[in-house]
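> give me the fold of what follows.
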Amino acid sequence: MLLINCPYCGERDESEFSYGGRRTVYPPLDLSTTRGEWHRALHLHDSSQNVINEYWYHDFGCEQWIGIRRDIESHEITSTSAVDALTAQEDS
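Sure thing, here's the model as predicted:
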């Protein structure tokens, strides 16, 4: 069980949140993007990274998206931050 320090509500149990995926830059949404590019962006990640950035949504709290930096081996959360919906696609 994870304890997530919401920047708006303070420390909360992970059961209050929904996982939103990795914080990554996706290919452009146009016809020039190939299936292979989308496959790599969605399913193939650099496994040498032990710490990843993720999006989580606080369903049963402030109803805000937050960013989390988490160690994938120990599950330790090293930082949390507010996510501006307008700049969310620019985060990596």
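
> what sits against the residue nearest to Tyr57 when sequence neighbours are not counted?
Spatial nearest neighbour of Tyr57, excluding adjacent residues (CB to CB, 6 or more residues apart in numbering): Ser18 at 4.7 Å. For glycine as for every other residue, the C-beta is placed from the backbone atoms N, C-alpha and C. By CB atoms under 8 Å, 6 or more residues apart in numbering, the residues touching Ser18 are Trp56, Tyr57, Asp59.

> looking at these, which is nearest Ile77?
Nearest to Ile77 out of the contacts of Ser18 is Trp56 (CB to CB; 9.8 Å).

> surely the closest one meets Gln64?
No: judged on CB atoms under 8 Å, Trp56 makes no contact with Gln64 at a distance of 9.7 Å.

> of the two, which one has the most company?
Trp56 (24 against 15; other CB atoms under 10 Å).

> check which helix or strand that one maps to.
strand 51-57 (DSSP states H and E).

> from the chain's centre, how far out does that strand sit?
Relative to its chain's centre, strand 51-57 lies at 3 Å (CA atoms, centre = their mean, to the nearest Å).

> and what of stretch 50-64?
Distance, centroid of stretch 50-64 to centroid of chain: 6 Å (CA atoms, centre = their mean).

> what does stretch 60-70 give?
The chain centre lies 9 Å from the centre of stretch 60-70; the measure is CA atoms, centre = their mean.

> circling back: neighbouring strands for the strand holding Trp56, and are they parallel or not?
If you go by DSSP bridges, strand 51-57 pairs up with strand 18-22 (antiparallel), strand 65-71 (antiparallel).

> distance to Ser32 and mean pLDDT added to those, as TSV?
Rendered in TSV, the data for the strands paired with strand 51-57 read as follows (distance: least, CB to CB, whole Å; pLDDT from 0 to 100):
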stretch	distance to Ser32	mean pLDDT
strand 18-22	23	91
strand 65-71	28	94
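
> between those strands, which one is closest to Asp30.
With CB to CB as the criterion, Asp30 lies closest to strand 18-22 of those, at 21.0 Å.

> would you mark the buried spots in stretch 32-51?
Of the residues in stretch 32-51, none count as buried by neighbour count, 16 or more other CB atoms under 10 Å.
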